[in-house]
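Undergrad: Fold the following.
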Amino acid sequence: MNVTLTVSSLIEAVANDAALRRVRRLQPAGGVGDKLFPPTYPGAGRNAPPRHVFERRRVDGGDVWCVLIDSVQSQANRLEEALLSAAEQGGIRLPYVTVDFRGAGLDPLERITSLDAPHRVYDAILRDSLLEGQPFMQSQAGRRLAAAKPADATALLELSPTALLFGAWHSQGEGGGLGAKFPRALVSEIMGIDTPVDEIPNQRTGEKEPRTAGQRTGSRIDPLGVLRKVEVFKGGEGWSPHQKEAGARAKKVRPSEINHGNIAPTVQPLGVTCAYAEHRAVITLAGLRRLRFGSDERNDAGRALIAALGLVALAEQDAGGYALRSRCDLVCDGSAPLELVRADGSTESVDLDRDNAQALYQETYARAESAGFRFESISLKPQEKLIEIVRRSREFALEGAGGEEPEKN
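TA: Numbers count the residues shown, from 1 in each chain. Predicted coordinates:
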């Protein structure tokens, strides 16, 4: 018999059970065995080629090579994006902090929210903005956020509850990085299971390292037919076939370095196949019990709100699908129930769809308001110094300078 979550049963689960989890199998949209392109990361060592992230995992009693398809951090960003979209479309009420860049002359940039910023409510973008003319962290709301602790997380719940769901750290807080840390309550990750790899000896250490058995080819034929032997000079004034016209310190470069000419065919060890992909998501109920909000009633209401918000996040991501990046489009391989994990490790399936998740969240939101929480969304204005560094960065980018100093003679 499946469990139907209500506000009361969710509060009881948060008080007594271990977690809510779902383990879902996925396959490439192109079909079983189609190649996927997970994210790449810098290789080990100077000038090392990009690589995927492989690790051995215990699966069905054996050690198999797996590849990271979407990291915990990347999943958090996608889930925050889904929640922000749901809030903007009126599906849920969700407080958050916004930095409004409209009128700053930085079009098309309009705003950054605490769901977009890398460090959420404690990000430098918010810290270097103003609330009614006052630096944000010096305002009453900012001081509340700075003083927040797991022993009283009221300020985060009222101003940006996603910071409690996905974790936050006041790294610029008291003691130079000793500010309060709020661990993630929702952990979500996608792995490719049973991935063919070649184990290649490291030239420096001799130890074998995994490398994908897949290959990616690349090439480009220039429709203008610009040949490699054509002389091109690149300098402070851009590029020119004449060294003087390219400006001071102009250097001779290949046409390909100014994006002209053919690109010779290349083969790189990139792209993977796998038996299947696995999306594993866990909302820790035991972890939520570490958060306190001032009284038993407020504790129950606040913790249930965060749990319900996590369920909405997963349901909204389901509705949006798994188009992760170019050539990394996944689809469900059968149904996978949400499970309530009891304290003894036993599980029960939970009935929950997108509409039910939103309704449950709205009920927990109303319950929290009745318990005395006062939710508020705040709009900030960027300080002029923040606008200026963005403007200068754009100027450097347009000039192709990258913001680097010219070489010294």
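Undergrad: per-residue pLDDT, residue 186?
TA: Residue 186 is assigned a predicted lDDT (pLDDT) of 98.
Undergrad: Please name the bridge partners of it.
TA: residue 283 (DSSP bridges).
Undergrad: in the stretch 1-150 of the chain, which spans are helices?
TA: Ranges of helices in the stretch 1-150 of the chain, per DSSP state H, counting those that start in this stretch, are 7-16, 72-88, 124-127, 140-147.
Undergrad: For residue 43, find the nearest of the ones you listed.
TA: helix 72-88 (19.5 Å; C-beta to C-beta). In short, each C-beta sits where N, CA and C put it, glycine included.
Undergrad: Buried residues in the closest one, which are they?
TA: 74, 75, 76, 78, 79, 80, 81, 82, 83, 84, 86, 87 (16 or more other C-beta atoms under 10 Å).
Undergrad: Over to stretch 290-304?
TA: 291, 292, 293, 298, 299, 300, 301, 302, 303, 304.
Undergrad: Between which two of those is the distance greatest?
TA: Farthest pair in the buried residues of stretch 290-304 (C-beta to C-beta) is 292 and 304. Separation: 13.7 Å.
Undergrad: and residue 20, what does it touch?
TA: 13, 282, 283, 285, 307, 310, 311, 338, 339, 340, 341, 350 (C-beta atoms under 8 Å, 6 or more residues apart in numbering).
Undergrad: with the buried residues of helix 72-88 in mind, which one is nearest to residue 271?
TA: Among the buried residues of helix 72-88, and counting by C-beta to C-beta, the member closest to residue 271 is residue 74, at 18.1 Å.
Undergrad: still on that earlier bit, can the helices of the stretch 1-150 of the chain go into TSV with extra columns for mean pLDDT?
TA: Formatted as TSV, these follow (pLDDT from 0 to 100):
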stretch	mean pLDDT
helix 7-16	97
helix 72-88	97
helix 124-127	96
helix 140-147	95
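Undergrad: Out of those helices, which gets nearest to residue 160?
TA: Closest among these, using C-beta to C-beta: helix 140-147, at 8.4 Å.
Undergrad: Can I get the helix or strand following that closest one as CSV, trimmed to CA atoms?
TA: Following helix 140-147 in sequence order, the next helix or strand is helix 154-159 (DSSP states H and E). Extracted C-alpha coordinates of helix 154-159, given in CSV (Å, rounded to 0.1, in the frame of the first residue of the first chain):
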residue,chain,number,x,y,z
THR,A,154,14.5,31.5,10.7
ALA,A,155,16.1,34.3,8.6
LEU,A,156,17.0,31.9,5.8
LEU,A,157,13.6,30.2,5.8
GLU,A,158,11.8,33.6,5.6
LEU,A,159,14.0,35.2,3.0
